[in-house]
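Q: have a look; sequence and predicted model below, questions after that.
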Amino acid sequence: MKTPQNGTPFIYSVYQNNSVGTKASGKYYGRSVILSTLDTEDMAEHMMDHGCLYGQDVIKGVLEKFFDCAMELVFQNRRVKMTGLGTLGITLECEPQDTVDKDHPYDITKIKAAHIRLLPDATQDQQLSGKKLRSRMNFVNGASSSFVDVNAYGGGEEEEEQEP
């Protein structure tokens, strides 16, 4: 399985947290710069451009079927491991309850949100998690176009910035 080589440029920017009344207020943080978002069709074309034996329509069909099946399985309380990438599963965001027993079950109104998460693969071969991943990256500050031409890195599509 192919992963980017060590030292592959990765663009980041810096932002100041302007939220009021938090420990993070006024502090500066790094955040990744997103150059573009590829949908299923774009991903199929990208794979085809890398010499895949199948055409874009077949690749797109397989990717769409994978998505449908993965969602079916995670909604059946299963995890879906994509070897080398990570594992998909559902996590819950809940409030605590003081006691639970057969007469007082957990109150489902305390379940505030559900999230589909990807837990990155952290095997020695892929190192797609945490400090190991960070050590493989060559960060390029893209905060100012006078320093970095984001178009030179294959993108430049403007997207809304996301909070970390």
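A: That came through fine.
Q: now the strands for this structure?
A: Using DSSP state E, the strands of the chain run over residues 8-16, 28-32, 80-82, 86-94, 111-120, 137-141.
Q: would you list every one of the helices in this protein?
A: Taking DSSP state H, the helices of the chain run over residues 40-49, 56-74, 130-135.
Q: residues contacting Lys60?
A: Under the criterion of Cβ atoms under 8 Å, 6 or more residues apart in numbering, the contact partners of Lys60 comprise 40-41, 43-44. C-beta coordinates here come from the backbone N, C-alpha and C atoms, glycine included.
Q: one more time with 7 Å
A: When the contact criterion is Cβ atoms under 7 Å, 6 or more residues apart in numbering, the partners of Lys60 are 40-41, 44.
Q: grab the nearest non-local neighbour of it.
A: Ala44 (3.8 Å; Cβ to Cβ, 6 or more residues apart in numbering).
Q: so the one you found sits against Gln56, correct?
A: Yes. Contact between Ala44 and Gln56 holds when scored by Cβ atoms under 7 Å: they sit 4.7 Å apart.
Q: those two - which one has more neighbours?
A: Under the neighbour definition other Cβ atoms under 10 Å, Ala44 and Gln56 were set side by side, and Ala44 has more, 23 against 17.
Q: read off the pLDDT value for the more buried one.
A: Ala44 is assigned 90 on the pLDDT scale.
Q: so it versus Phe66, what's the distance?
A: 12 Å (Cβ to Cβ, to the nearest Å).
Q: what's the answer for Lys102, then?
A: When Cβ to Cβ is the yardstick, Lys102 and Phe66 sit 41 Å from each other.
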